[in-house]
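Novice: Provided below are the primary sequence and the corresponding predicted coordinates.
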Amino acid sequence: MPKPKRPNMTLREQEDAAKIQCYDWNAQHKEGVTVTYEELLGSGETIQTKTCGRAFVMCCEPVIMVEDVSGAVSLDHCTVVAEEAA
């Protein structure tokens with residue numbers, strides 16, 4: 001679960017926090033893991049999809065590519081549904 005960002009964080013601190021969140025995500029989840037993605041948090045409208053690669057930092061935000069969505073999406077908007085069997 002992502003840590004809440006403080007409004008008074010510098011860009012360097014935001015980038016560092018995003019790097020840590022990406023590192024943790026990549027350590028815990030394989031590429032192709034099934035997730036639910038919510039475009040607008042709290043809307044209740046989700047799609048179930050799979051990740052396409054590893055998490056990375058873009059504009060001081062932790063993001064990942066997912067199937068059926070154009071462009072990178074925030075890790076904060078993704079929830080893992082199930083891990084693939086090894």
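Specialist: Ah, there it is.
Novice: Tell me the spacing between the residue nearest to the spatial centre of the chain and Gly53.
Specialist: The centre of the chain sits closest to Leu75, judged by C-alpha atoms, centre = their mean, with a distance of 1.5 Å. Separation of Leu75 from Gly53 (C-beta to C-beta, to the nearest Å): 12 Å. In this view, the C-beta of every residue, glycine as well, is placed from N, C-alpha and C.
Novice: Next, show the common contact partners of the two.
Specialist: Common contact partners of Leu75 and Gly53 (C-beta atoms under 8 Å, 6 or more residues apart in numbering): Ile64.
Novice: quick one: the strands in this protein?
Specialist: Per DSSP state E, the chain carries strands over the ranges 34-38, 46-50, 56-58, 61-65, 72-74, 78-82.
Novice: In the sheet, which strands lie alongside the fourth one, parallel or antiparallel?
Specialist: Taking DSSP bridges as the criterion, strand 61-65 forms sheet pairs with strand 56-58 (antiparallel), strand 72-74 (antiparallel).
Novice: So which of those is the most surrounded?
Specialist: Counting by mean count of other C-beta atoms under 10 Å, strand 72-74 has the highest mean neighbour count of the strands paired with strand 61-65, with a mean of 18.
Novice: mean confidence for that one?
Specialist: Strand 72-74 carries an average pLDDT of 94.
Novice: How about residues contacting it?
Specialist: Outside strand 72-74, the residues that touch it by C-beta under 8 Å, 6+ apart are Tyr37, Glu39, Phe56, Met58, Glu61, Pro62, Val63, Ile64, Met65, Val66.
Novice: now, the most widely separated pair of the residues you listed?
Specialist: Glu39 and Phe56 (19.4 Å; C-beta to C-beta).
Novice: Give the buried residues for the lowest-mean-pLDDT helix or strand in the chain.
Specialist: None of the helices or strands of the chain scores lower by mean pLDDT, DSSP states H and E than strand 78-82, at a mean of 88. Residues Cys78 are the ones in strand 78-82 that count as buried (16 or more other C-beta atoms under 10 Å).
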